[in-house]
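> 3D model of this:
(2 chains)
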Amino acid sequence: MTGAAAIEVRDLEMRYGPVEAVRGVDLRVEAGEVFALLGPNGAGKTTTVEILEGYRHRSSGEVTVLGVDPQRGGAALRARVGIVLQECAVDPYLTVRESLTQRAAYYRAPRRVGEVVELVGLGPQADNRVKRLSGGQQRRLDLALALVGDPELLFLDEPTTGFDPGARRAAWEVVSGLAGLGMTVVLTTHYMDEAQALAGRVAVMVDGRIVAEGPPGALSAETVAYRISFRIPAEPSIALPPIDGLEVRAGEAVVRTDRPTEALHRLTGWAIDAGTELQALSVGRPSLEDVYLALTSKPEGEQP
Amino acid sequence: MTTGVRLIPLQLRYEQKAFWRNPAAAFFSFAFPIVLFVLFASIFSSTRESAVSGVRGIVYYTPAILAYGVMSACFTNLAVTATFRRDQGLLKRVRGTPLTPVGYLGGLVANAVVVSLILGALIVAFGSAVYGAGAPHHWLGLVVSVLVGAASFCALGLAFTALIPNADAGPAIVNLVFFVLVVISGGFFPIASSSVLSQVASVFPLRHFIDACFASFAPHRSGSFPWGDVGIMAAWGAAGMLAAARWFRWEPRRA
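Presented below is the predicted three-dimensional model:
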């Protein structure tokens, strides 16, 4: 089982003084897979990824990245890894092409600059100075800089935060394309749709721990029940049916249940008896967002 | 380590490109010292006897502004630039590539040294062409002083970034230290060598830098070149390197 793992993490812990940012994380990312670390702000995603990238020294646990301990990997390991940080960091006075040519010289076998420029869709801006690029274009250059060394493993820390929907779609296409080239991609995000669109496997991190892990589809099937919803009848005289797990929010009744057949049977029976219609009825498998909300919204006082 | 050293010329080339495309950096490195030079020279050039040094004003100001400019291009510029890049996340990003600290910082330092050499040549040429200050008498001493001074002030500038909490505070903190040092070291007007200010200044490297530059223009005042001053600058530079190696940070400070 140790052959093709790009990343292996066992019992990782990270403390900053009294603060425990990461509390016992186990992870395995296979070579060639796109893996998303999902979680709310402050969950410990960035800390975990920065330990993998070699920026932070862990408090305890075992970590290997491409077969090497990132704390000791040095320049040899950094040559095999591409990193895109949360903050975009590009030199404003160089052009796109110059920035990439400079960066390419750090690597023994870089990708061709022209090829990388096309890959991120900056062809028309190649000879513009960086400070004249839009924010989204600068982020794409940031990604290009991480790709020019032809890395085996790419880290993307919240790659589309602050993007408009069009730019997000475009960025997703680029990342999907990279996965198609056989690159291993690890991304952190707090967008469910992003994880769902890109990742083959997702781990949900809350309060420094991984609380769920698996392919996005399997994760939603396992963790939360089916979701049945309908619009609450306008007639105030009609009382809602006595069904377990029924919640009302914003004029909508939502039932979460593991036994959808029985719940539907009782619902439809109730509607016929009451002489009302189940308006806007929908029955669905929960989205990753439902899973995420279920996992991340803990009752008060449960955490130490 | 070796990959880093090999990449210094490449880094220098791109630092130079970026430097010349940034008007503020170019202005403060070249135009500002020249403007100061013209101002001081206009006020004092005809003064035959300046209070302490007993030379024509222009002979005093050529080395003084030269030393001022080199410290500005190395210490001030590097401290402000490195802090800015640290807070922008540029340094953190570079630490994620195979380029070593020696390669990256070597490029920054090489750029500042190149700027210093150009500035030095410009001031010496300007002083002698416009004000008839005359060429240096001790070329070797001058060139060695400028190189050692530039390298030392670069090391000190990098070390100083550890004291700057964020990029917004950078210019204010750096310039306070810089201008106090310039004034007490006699960079703008002579300070009596018996004064307390002068005693304080002689602890710091700028005073010795100015003395060494001055000696290369006016060797008749003291027989041989004061290599001791160059040695003190080098000692400060070595201390700066050790401090930078220990305390230089690649990541923005978190609040």
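
> any idea which helix or strand comes after the host helix or strand of A:Arg169?
Secondary structure from DSSP states H and E places A:Arg169 in helix A:165-180. Proceeding N to C from helix A:165-180, the next assigned helix or strand is strand A:184-189, under DSSP H and E.

> Quick check: buried residues in the helix or strand just after that next one?
As assigned by DSSP H and E, the chain's next helix or strand after strand A:184-189 is helix A:192-198. Neighbour-count burial for helix A:192-198 flags A:192, A:194-198 (criterion: 16 or more other CB atoms under 10 Å in any protein chain shown). For every residue, glycine as well, the C-beta is placed using N, CA and C.

> pLDDT below threshold where in chain A?
A:1-3, A:220-224, A:286-289, A:297-304 (pLDDT under 70).

> Helices of the stretch 201-304 of chain A, residue ranges please.
For the stretch 201-304 of chain A, applying DSSP state H, counting those that start in this stretch gives helices covering A:216-223, A:260-274, A:288-296.

> Tell me which of those helices approaches chain B most closely.
helix A:288-296 (23.6 Å; CB to the nearest CB).

> returning to that earlier point: which of the helices of the stretch 201-304 of chain A sits most buried?
helix A:288-296 (a mean of 19; mean count of other CB atoms under 10 Å in any protein chain shown).

> Distance from that helix to the middle of the chain?
13 Å (CA atoms, centre = their mean, to the nearest Å).

> Repeat that for stretch A:40-57.
13 Å.

> Among the helices of the stretch 201-304 of chain A, which comes closest to A:Pro151?
helix A:216-223 (24.5 Å; CB to CB).

> B:Ala73 touches B:Ala26, doesn't it?
No. Using CB atoms under 8 Å, B:Ala73 makes no contact with B:Ala26, being 10.5 Å away.

> How about the secondary structure of A:Val9?
Here A:Val9 is recorded as strand under DSSP: H, G, I helix; E, B strand; the rest coil.

> same thing with A:Gly162?
Assignment for A:Gly162 (three-state DSSP): coil.

> what are the phi and psi values for the closest residue to it other than its chain neighbours?
The shortest distance from A:Gly162 to any non-neighbouring residue, by CB to CB, 6 or more residues apart in numbering or on different chains, is to A:Gly135 (7.1 Å). Here is the backbone geometry of A:Gly135 (degrees, to the nearest 10): phi -60, psi -40.

> A:Gly135 and B:Ala67, how far apart?
42 Å (CB to CB, to the nearest Å).

> residues in the stretch 151-255 of chain B within reach of chain A, list them.
Contact residues (CB under 8 Å from any CB of the partner chain) of the stretch 151-255 of chain B with chain A: B:Glu251.

> List phi and psi for whatever residue of the stretch 151-255 of chain B ends up closest to chain A.
The nearest approach of the stretch 151-255 of chain B to chain A comes at B:Glu251, 7.4 Å away (CB to the nearest CB). Note on B:Glu251: its backbone torsions stand at phi -120, psi 150 [degrees, to the nearest 10].

> gap between it and B:Thr83?
Taken as CB to CB, the span from B:Glu251 to B:Thr83 is 12 Å.

> Looking at these two, which has the bigger crowd around it?
Using other CB atoms under 10 Å in any protein chain shown, the more surrounded residue of B:Glu251 and B:Thr83 is B:Thr83, with 29 against 15.

> can you confirm that one is in a strand?
No. Read with three-state DSSP, B:Thr83 is helix and lies in no strand.

> pretty sure it contacts B:Gly170?
Yes. Counting by CB under 8 Å, B:Gly170 is a contact partner of B:Thr83 at 4.3 Å.

> What strand or helix carries the nearest residue in space to A:Leu187 that is not next to it in sequence?
By the measure of CB to CB, 6+ apart, the closest residue to A:Leu187 outside its immediate chain neighbours is A:Leu156, 4.1 Å from it. In this assignment (DSSP H and E), A:Leu156 forms part of strand A:153-157.

> relative to helix A:165-180, how tilted is that strand?
Put simply, strand A:153-157 runs at 160 degrees to helix A:165-180, going by axes from the mean of the first three to the mean of the last three CA atoms, to 10 degrees.

> coming back round to it: quick one: which of A:Gly135 and B:Ala67 has more around it?
Each of A:Gly135 and B:Ala67 has its neighbours counted (other CB under 10 Å); B:Ala67 has more, 31 against 12.

> Return the residues of the stretch 51-200 of chain A in contact with chain B.
A:53-55, A:75-76, A:78-79, A:81, A:83, A:85, A:87-91, A:93-94, A:98, A:102-103, A:105-107, A:129, A:142, A:145, A:149.

> And the lowest-mean-pLDDT helix or strand in chain B, what does it pack against?
Among the helical and strand segments of chain B, the one scoring lowest on mean pLDDT, DSSP states H and E is helix B:23-26, with a mean of 80. Judged by 3 or more CB pairs under 8 Å, 6 or more residues apart in numbering or on different chains; DSSP states H and E, the packing partners of helix B:23-26 are helix B:2-20.

> Briefly note if the helix it packs on comes near chain A.
Yes. Using CB under 8 Å from any CB, we find that helix B:2-20 touches chain A at B:3, B:7, B:10-11, B:14, B:17-19.

> Show me the contact partners of that helix.
A:75, A:91, A:93-94, A:98, A:102, A:105-106, B:25-26, B:29, B:98-104, B:106-108, B:110-111, B:114-115 (CB atoms under 8 Å, 6 or more residues apart in numbering or on different chains).

> Do you have the helices of the stretch 151-255 of chain B handy? List them.
B:170-184, B:196-201, B:205-217, B:227-247.

> okay if I get the ones you listed as a markdown table plus mean pLDDT and mean neighbour count?
A markdown table is the format used below for those (pLDDT from 0 to 100; neighbours: other CB atoms under 10 Å in any protein chain shown):
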| stretch | mean pLDDT | mean neighbour count |
| --- | --- | --- |
| helix B:170-184 | 92 | 17 |
| helix B:196-201 | 88 | 16 |
| helix B:205-217 | 89 | 26 |
| helix B:227-247 | 94 | 17 |
